[in-house]
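okay, predicted coordinates and the sequence, questions at the end:
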Amino acid sequence: MRKIYLVGFMGCGKSAIGRRLSYYLKMPYYDMDHEIVRQQGMSIPELFEKFGEARFREIETEFLKSFRDEACIIATGGGVAVNEENRKIMRHTGLVFFLDAKFEDIYMRIRNDKNRPIVQKSTEQELEILYNNRRKYYRDAGHIQVLTASRTLRQIVEYIAFQVNRLKGE
Ligand SMILES: Nc1ncnc2c1ncn2[C@@H]1O[C@H](COP(=O)(O)OP(=O)(O)O)[C@@H](O)[C@H]1O
Ligand SMILES: O=C(O)C1=C[C@@H](OP(=O)(O)O)[C@@H](O)[C@H](O)C1
Ligand SMILES: [Mg+2]
């Protein structure tokens, strides 16, 4: 059973593209953040506040380890690919796409988002440093890098679907 994982920085489009790709490929779709929020009965900001980021990271790894063996699309959270164990699990159980977006685009999308605790507590400069530090992990995690700059969501979905169909059966 091959999963399709979407990785990349906050605001690169993992959730938006995952949902659209699910219609396009007729495969079930799960957003890791939504699944964790549902399991834990708390929002992402509440989880960060009550349990701390370290515990949130453990929950993410537990999710990846225990998630059912089903061909599906999974939009990860932006921190998931930073962890080596998570990268191994994803690469062994599916095809991983790194959605590569420019920091300027990302920042415009996430700057006012109250539901992303890391954005809330960071300056623009701190977020740009985090973006640059994380890029190597996204590259390591991804089988395929998708350049998203100046592409529409539809174009990105069609490109990923093309790659999935091309690699089917390999
Ligand atoms: N290539 C794109 N073109 C237009 N809007 C985009 C693009 N990529 C992402 N967005 C928009 O940016 C916002 C953040 O995307 P989201 O899917 O929540 O990112 P992520 O899940 O990676 O954090 C959403 O409103 C989404 O529709
Ligand atoms: O980059 C991160 O560390 C995080 C990204 C978020 O997901 P998105 O990438 O969907 O915003 C969410 O998991 C949490 O706020 C932490
Ligand atoms: Mg998301």
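Yes, it's here. Ligands and ions are numbered 1, 2, ... in the order given.

now find how far off-centre the longest strand anywhere in the chain is within its chain.
Using DSSP state E, we find that the single longest strand of the chain is strand 94-100. Its chain's C-alpha centre and that of strand 94-100 lie 8 Å apart, by Cα atoms, centre = their mean, to the nearest Å.

for stretch 139-146, same thing?
The chain centre lies 12 Å from the centre of stretch 139-146; the measure is Cα atoms, centre = their mean.

got the CA coordinates for it in CSV?
Taking C-alpha atoms only, stretch 139-146 is exported to CSV below (Å, rounded to 0.1, in the frame of the first residue of the first chain):
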residue,chain,number,x,y,z
ARG,A,139,14.9,17.7,0.6
ASP,A,140,16.1,14.6,2.4
ALA,A,141,12.5,13.5,3.1
GLY,A,142,11.2,14.1,-0.4
HIS,A,143,11.5,11.6,-3.3
ILE,A,144,10.2,14.4,-5.6
GLN,A,145,10.7,18.2,-5.2
VAL,A,146,7.8,20.3,-6.5
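
pull stretch 50-57 out as PDB, backbone CA atoms only.
C-alpha atoms of stretch 50-57 as PDB (Å, rounded to 0.1, in the frame of the first residue of the first chain):
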ATOM      1  CA  LYS A  50      -0.600  22.400  27.600                       C
ATOM      2  CA  PHE A  51       1.900  19.700  26.600                       C
ATOM      3  CA  GLY A  52       4.700  21.700  24.900                       C
ATOM      4  CA  GLU A  53       6.200  21.400  21.500                       C
ATOM      5  CA  ALA A  54       8.400  18.300  22.400                       C
ATOM      6  CA  ARG A  55       5.200  16.300  23.300                       C
ATOM      7  CA  PHE A  56       3.500  17.400  20.100                       C
ATOM      8  CA  ARG A  57       6.500  16.000  18.100                       C
END
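
give the rounded mean pLDDT of that stretch.
Across stretch 50-57, the average pLDDT comes to 98.
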